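Student: what's the 3D shape of this:
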Amino acid sequence: MKLEVNLPILDLISGVATDAGVEAFVIGGFVRDMILGRPSHDIDIVVAGNGIDLANKVAEKLGQDTRVQVFKNFGTAMIHQDELEVEFVGARKESYRSDSRKPIVEDGTIEDDQNRRDFTINALAISLQKENFGEVVDPFNGIDDIQNAIIRTPLAPDITFSDDPLRMMRAIRFAAQLNFTIEEQTFRSISKNNDRISIVSKERITDELNKIIASPVPSIGFILLNKSGLLKLIFPEFAALKGTEIKEGKGHKDVFYHTLQVLDKIATQTDNLWLRWAALLHDIGKPITKRFDNKVGWTFHGHEFTGSKMVHHIFKKLALPLNEKMKYVEKIV
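Tutor: Sure thing, here's the model as predicted:
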């Protein structure tokens, strides 16, 4: 498959790479979004060589005003061109220790680099070589998975998720953002390895959680988080909303699904992340205040006050901002 690539910056990179005698590829999310017809402003360039060197050569061609940001710890360099962020890195392969999601990195080939990607839809590459410019390199049938709206790992999912457990959150986030289905074996592996999430920092987990909340239909993500067992590990207060209880023939609604209905509804009206958080937490105090009254059935008296007092604790635990954004959520809850 060949894609029509009409970006001047990629033509320039192609020419510079040819002159330098190195192979360069666009890889990852930009390729996926191109095929999906989604806008994307982040371009990842993988070089069969030194990515920082190529970035400097490209900056020279672009002119004196072009600044190269170098991240030596990661071996990457970034150039801002109009609205685009173009990141350069040398092709690499990775290995992991069981107690860390930080990889041991070695130089590798484009094949090694594609092998280390999280999902087949993110392992796609576009050649920037003059002789086959625009040709898609797709070793794991990622194009088929895009067309069939499926998320799966390029390698065995147990290896993928055990190596970097944040990928479990990313799988669910992509399912919510793109309205894709997680392939059965891949989802079983998330459930099997869910306890590995404990080695991931709260900040990285919350970043993915925010992206799920900000997605078009957030309930997709939360239902998958719950089904996989991840929700009770990363956000037990919300997992506690699930379920109903019947006593003396009297029941109450499942607050978990009610809350997701509210969140989905407000998601059609606003992109305000903190208003969406308020919708998510509006009944968070109900499990604590739930009581059974013989005359009226189930009650949740004062759940709004209890819930508002829980917001600070939840925000602190999830490494969310404790500033006016938190106070805004508190007030609405």
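Student: what comes into contact with stretch 53-66?
Tutor: Where contact means Cβ atoms under 8 Å, 6 or more residues apart in numbering, the residues beyond stretch 53-66 that reach it are 12-13, 15-17, 19-20, 22, 24, 45, 47, 67-68, 70, 77-79, 81, 86, 88. Backbone N, C-alpha and C define where each C-beta goes, glycine included.
Student: same thing but at 6 Å, please
Tutor: With contact meaning Cβ atoms under 6 Å, 6 or more residues apart in numbering, stretch 53-66 is reached by 12, 13, 16, 20, 47, 68, 77, 79, 88.
Student: Return the alpha-carbon coordinates of it using CSV.
Tutor: Extracted in CSV, the C-alpha atoms of stretch 53-66 (Å, rounded to 0.1, in the frame of the first residue of the first chain):
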residue,chain,number,x,y,z
ASP,A,53,22.2,14.0,13.7
LEU,A,54,19.4,13.9,11.1
ALA,A,55,17.4,16.4,13.1
ASN,A,56,20.3,18.8,13.0
LYS,A,57,20.8,18.4,9.3
VAL,A,58,17.1,19.0,8.7
ALA,A,59,17.2,22.1,10.8
GLU,A,60,20.1,23.5,8.7
LYS,A,61,18.1,23.1,5.6
LEU,A,62,15.1,24.8,7.2
GLY,A,63,17.2,27.8,8.1
GLN,A,64,18.7,29.7,11.1
ASP,A,65,15.4,30.3,12.9
THR,A,66,14.9,26.5,13.3
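Student: mind listing what's buried in it?
Tutor: 54, 55, 56, 57, 58, 59, 62 (16 or more other Cβ atoms under 10 Å).
Student: between those, which is closest to residue 325?
Tutor: residue 55 (35.3 Å; Cβ to Cβ).
Student: Surely that closest one forms part of a strand?
Tutor: No: with DSSP: H, G, I helix; E, B strand; the rest coil as the criterion, residue 55 is helix rather than part of a strand.
Student: next one: phi and psi at the residue lying closest to residue 150 once chain neighbours are set aside?
Tutor: Leaving out its chain neighbours, the residue that sits closest to residue 150 by Cβ to Cβ, 6 or more residues apart in numbering is residue 183, at 5.3 Å. When read as degrees, to the nearest 10, the backbone of residue 183 gives phi -60, psi 150.
Student: Model confidence at residue 183, what's the number?
Tutor: Here, the pLDDT recorded for residue 183 equals 97.
Student: now swap in residue 65 and tell me
Tutor: For residue 65, pLDDT reads 81.
Student: quick one: it from residue 127, how far?
Tutor: Residue 65 sits 29 Å away from residue 127, going by Cβ to Cβ, to the nearest Å.
Student: now do residue 230
Tutor: Distance, residue 230 to residue 127, using Cβ to Cβ: 37 Å.
Student: same deal with residue 83?
Tutor: Taking Cβ to Cβ, one finds residue 83 at 24 Å from residue 127.
Student: Among the buried residues of stretch 53-66, which one sits closest to residue 328?
Tutor: residue 55 (40.3 Å).
Student: Excluding chain neighbours, what is closest to that closest one?
Tutor: residue 77 is the one closest to residue 55 (Cβ to Cβ, 6+ apart), at 3.6 Å.
Student: What values do phi and psi take at that neighbour?
Tutor: Dihedral angles of residue 77 (phi, psi; degrees, to the nearest 10) stand at phi -140, psi 150.
Student: now swap in residue 81 and tell me
Tutor: Here residue 81 shows phi and psi, under degrees, to the nearest 10, equal to phi -130, psi 110.
Student: in terms of contact, does it touch residue 9 like I think?
Tutor: Yes: contact criterion Cβ atoms under 6 Å: residue 81 and residue 9 qualify, at 5.2 Å.
Student: just the helices in the stretch 201-333 of the chain please.
Tutor: Ranges of helices in the stretch 201-333 of the chain, per DSSP state H, counting those that start in this stretch, are 202-213, 218-228, 230-234, 236-239, 255-267, 273-281, 286-289, 303-317, 324-332.
Student: ignore the last one, the stretch 51-200 of the chain
Tutor: Going by DSSP H, counting those that start in this stretch, the stretch 51-200 of the chain shows helices at 51-62, 110-115, 142-147, 157-163, 166-178, 184-192.
Student: nearest to residue 330, of those helices?
Tutor: helix 166-178 (25.6 Å).
Student: Can you check what angle separates that closest one from helix 202-213?
Tutor: 20 degrees (axes from the mean of the first three to the mean of the last three Cα atoms, to 10 degrees).
Student: same for helix 166-178, what does it pack against?
Tutor: Helix 166-178 sits against strand 150-151, helix 157-163, helix 202-213, helix 218-228, with contacts defined as 3 or more Cβ pairs under 6 Å, 6 or more residues apart in numbering; DSSP states H and E.
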